[in-house]
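> sequence plus predicted model, see below.
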Amino acid sequence: MTGKEIKELFLKFFEERGHKIVPSSSLLSDDPSVLFTTAGMQQFKPYYLGEKSPYGNNAASVQKCFRTSDIDSVGDESHLTFFEMLGNFSFGGYFKEEAIKYAYEFIAKKLKLKIDHVSIFEGDKENGIPTDEESEKIWKKIDASLVIKKSGKEDNFWGPTGEEGPCGPTTEIYVKNAGGKSIEIWNIVFNEYYKNKEGKFEKLKTPGVDTGMGLERLTMVVQNKPTIFETDLLSPLMNLIPKDIQEQRIRRIITDHYRGITFLIADGLRPSNKEQGYVLRRLIRRVMMHEYLNTQRIYLSGEDMFKKIIDENKDFYPSLDFKTTMDVWSEESSKFSLTLKNGLKEIDKLKNIDAATAFKLYESFGLSYELIKDYAAEKTKDLKREDFDKEFARHQEISRAGLEKKFGGHGLKEGGEIAGASEEEKQRVIKLHSATHLLHQALFDVLGGQIKQMGSDINSERLRFDFPFERKLTTEEIGKIEAIVNEKIKEALPVGFKEEAKDQAIAEGAKAFFKVKYPDQVKVYSMGDYSKEICNGPHVENTDEIGKFKILKEESVSAGVRRIKATIE
């Protein structure tokens with residue numbers, strides 16, 4: 001059975017059992033507390049908290065996932081950054097008995113796999129969470145011969161995604177791979193609790209089911225392969241890598257990273273030096289380095305790999321686009337090629353590389369932590385990821401302080417503070433900030449649902465707003481956006497806010513800046529019925545205070561990211 005057939009069988013299985021099949025959400029999560037979508041349940045998070053699901057009580061999906069935590073482990077037999085997760089979910093529809101029965105039926109009956117053992121949660125006395133005896137009884141009822149093992153929080157308690165949210169005990173299914181090793185293939189989570197930011201657990205009013213089963217790992221055991229890289233999902237990509245690159249670990253890194261690059265670009269991400277964009281840049285540059293070092297120092301174009309990935313996945317993920325992928329790849333690789341050569345020469349001169357030295361290599365040549373570790377293993381024996389990250393954070397703080405000094409501190413700060421400005425300047429900043437909310441919604445209305453804030457900067461002279469979009473805006477589009485903002489200003493919409501739970505605000509359609517980690521309770525500012533956005537303020541009390549809005553410039557920031565500069569008169 002191919003990986004594609006397994007995926008189709010899984011969805012058909014749950015559709016026949018009353019589940020709504022829901023398309024994968026973007027890898028760029030709307031949840032500001034996480035960098036990427038790391039699990040299938042993330043798009044369903046509000047429905048575990050009481051919001052009514054548009055899909056009914058039961059859903060199933062194949063979710064694209066990306067986990068930065070696994071970047072350092074890629075290259076072994078089972079770790080990936082990008083992977084697909086099969087999942088079935090219930091928000092008050094069914095609970096433990098049905099979830100376990102479905103899992104057993106799919107694994108043992110449909111796929112005809114022999115279950116090696118299952119695990120259940122042994123309990124957590126510290127937090128007052130008992131042993132999951134109910135799941136143990138259900139498994140024994142289904143098959144009295146099953147081996148049942150108990151584990152603690154590190155193995156059999158899942159969640160939440162981000163700092164807070166639904167979570168609960170798990171039961172896991174283990175089968176043996178071709179090498180005879182028992183591996184976990186299906187994690188069934190019983191969302192019974194809500195963990196708040198203080199780390200306390202409260203019982204959910206309506207418990208739910210959230211399952212996750214990695215497609216690549218499941219395909220490995222179904223096809224009786226010793227590693228995920230020998231399945232039909234990954235081996236065709238491995239075979240495209242030139243034979244010059246002989247080290248197995250490097251071949252696996254290249255295969256994984258090409259897939260991650262392809263899917264991140266398809267979801268609108270572009271390389272940058274900040275957060276999500278920096279992760280994409282790291283993947284591209286790491287692939288480039290290994291190809292450069294192992295193929296007689298000639299860069300590969302990536303063309304064959306991208307074609308293969310897109311051809312194999314286009315039917316299921318129609319947003320995949322070869323031209324866009326190649327454009328982003330070509331632009332980034334051309335920028336980095338000369339810098340890479342110079343950076344590697346600099347590493348060759350060094351005897352030892354500590355965190356400070358590694359950061360200088362990043363700052364001067366754009367060499368990421370893992371790239372430095374890959375190239376100079378002996379020189380970086382004592383270099384740890386956490387030390388590099390601390391050095392990185394320290395320099396970010398220095399840079400931020402320098403920028404505030406350079407621009408006189410007259411910009412709008414988090415929490416609404418406007419330091420170092422005259423009263424007149426403060427009032428202009430407040431008006432421009434309010435106009436930014438109207439601009440955000442107008443862009444959404446004219447250009448479509450892909451629009452979201454990727455960056456914003458406001459001073460007393462102008463506002464600046466960055467957003468994802470693949471092309472230059474037309475004169476007509478710019479005129480329409482400007483007209484909408486001015487129309488809403490003339491309508492004299494009342495401006496106010498209410499405080500509510502972050503998850504509820506996002507579920508109700510409030511826009512949020514995805515790079516910001518919001519607190520539990522947030523302020524949601526509304527401008528009439530037109531604009532609704534999570535923000536700390538300050539704002540005008542009525543839109544007619546803003547004045548006439550005028551777009552000064554629309555330009556490209558980087559591939560796939562546009563910028564509008566505007567002012568008020």
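Structure's in. What do you need?

> gap between residue 108 and residue 11?
Here the criterion is CB to CB, to the nearest Å. By it, residue 108 lies 19 Å from residue 11. C-beta: built from backbone N, CA, C; applies to glycine.

> next: residue 447.
Using CB to CB, one gets 32 Å for the distance from residue 447 to residue 11.

> repeat that for residue 264.
Separation of residue 264 from residue 11 (CB to CB) stands at 24 Å.

> show me the shaky parts of the stretch 101-250 of the chain.
Low-confidence segments of the stretch 101-250 of the chain, defined by pLDDT under 70: 161-162.

> what are the boundaries of the helices in it?
Using DSSP state H, counting those that start in this stretch, the helices found in the stretch 101-250 of the chain span residues 133-142, 153-156, 215-222, 235-238, 248-266.

> send me the first one as PDB with only the CA atoms.
Same thing as helix 133-142. Once side chains and other backbone atoms are set aside, the C-alpha atoms of helix 133-142 remain, and they are given as PDB (Å, rounded to 0.1, in the frame of the first residue of the first chain):
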ATOM      1  CA  GLU A 133      -7.900   3.300  34.400                       C
ATOM      2  CA  GLU A 134     -10.800   3.800  32.000                       C
ATOM      3  CA  SER A 135      -8.600   3.500  28.900                       C
ATOM      4  CA  GLU A 136      -6.900   0.400  30.400                       C
ATOM      5  CA  LYS A 137     -10.400  -1.300  30.800                       C
ATOM      6  CA  ILE A 138     -11.400  -0.400  27.300                       C
ATOM      7  CA  TRP A 139      -8.200  -1.900  25.800                       C
ATOM      8  CA  LYS A 140      -8.600  -5.100  27.800                       C
ATOM      9  CA  LYS A 141     -12.300  -5.400  26.700                       C
ATOM     10  CA  ILE A 142     -11.200  -5.100  23.000                       C
END
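
> how about residue 457, phi and psi?
phi -140, psi 130 (degrees, to the nearest 10).

> what kind of secondary structure is the nearest residue to it once chain neighbours are set aside in?
Closest residue to residue 457 in three dimensions, ignoring its sequence neighbours and counting by CB to CB, 6 or more residues apart in numbering: residue 464, at 4.4 Å. Residue 464 falls in the strand class when you classify it by DSSP: H, G, I helix; E, B strand; the rest coil.

> contacting residues around residue 464?
For residue 464, the contact set (CB atoms under 8 Å, 6 or more residues apart in numbering) comprises 455-458, 563-565.

> from those, which is closest to residue 434?
Closest to residue 434 out of those is residue 458 (10.1 Å), distances taken as CB to CB.

> pretty sure that closest one sits against residue 430.
No. The pair residue 458 and residue 430 does not pass the contact test of CB atoms under 8 Å, sitting 9.3 Å apart.

> hang on, the earlier thing: and residue 264 and residue 11? Which one has more around it.
residue 264 (28 against 18; other CB atoms under 10 Å).

> thinking again about what came up before, dump the helices of the stretch 101-250 of the chain to TSV, plus distance to residue 385.
Rendered in TSV, the data for the helices of the stretch 101-250 of the chain read as follows (distance: least, CB to CB, whole Å):
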stretch	distance to residue 385
helix 133-142	36
helix 153-156	20
helix 215-222	24
helix 235-238	27
helix 248-266	16
